[in-house]
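K.L.:
fold the following for me, if possible:
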Amino acid sequence: MIDDESILESNENGIFVLPGGDCQWTTCDGFVKLYKDGKLIKQIEYLSREYLYESKSIKNSYENGIETYIKPVNSDDFSKKWDSLLNSNNYPTIKHIQPEDKDIILTYKKNK
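P.N.:
This next block holds a predicted model:
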């Protein structure tokens, strides 16, 4: 994970999928997701790691993290759990799932 917006701003073309690496009509091996303020704002998918270009600056900026899903019982439970996750080492995001048609919390936490 990269949590420093300035790194991404200074590397505008620092990460992208090379020609032939998109997943058209087949299973993807990976995803790169960009979140801002808990909302997914961009996602790229790649067929295989060999098709993902990352600049040296981007590669050197990654930190290890853990991904966890939390399924709140109702909207009150969602709010309580969301508020409890807001700290400097946790990155909660909202993910809408089907067929339940509800929001869950997807959270990333940096390994220390």
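K.L.:
and the helices in the protein, which stretches?
P.N.:
Taking DSSP state H as the criterion, the chain contains helices spanning 5-10, 56-61, 75-85.
K.L.:
JSON lines for those helices, including mean pLDDT, distance to Asp101 and mean neighbour count?
P.N.:
C-betas here are computed from N, CA, C, even on glycine. Formatted as JSON lines, the helices of the chain follow (pLDDT from 0 to 100; distance: least, Cβ to Cβ, whole Å; neighbours: other Cβ atoms under 10 Å):
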{"stretch": "helix 5-10", "mean pLDDT": "86", "distance to Asp101": "32", "mean neighbour count": "11"}
{"stretch": "helix 56-61", "mean pLDDT": "90", "distance to Asp101": "36", "mean neighbour count": "12"}
{"stretch": "helix 75-85", "mean pLDDT": "89", "distance to Asp101": "13", "mean neighbour count": "13"}
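K.L.:
would a markdown table of those helices with distance to Lys42 be doable?
P.N.:
Below are these laid out as a markdown table (distance: least, Cβ to Cβ, whole Å):
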| stretch | distance to Lys42 |
| --- | --- |
| helix 5-10 | 10 |
| helix 56-61 | 15 |
| helix 75-85 | 22 |
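K.L.:
who wins for proximity to Lys33 among those?
P.N.:
Evaluated with Cβ to Cβ, the helices of the chain place helix 5-10 nearest to Lys33, the distance being 12.3 Å.
K.L.:
which one of the helices of the chain lies closest to Thr68?
P.N.:
Across the helices of the chain, closest to Thr68 is helix 75-85 (Cβ to Cβ), at 9.5 Å.
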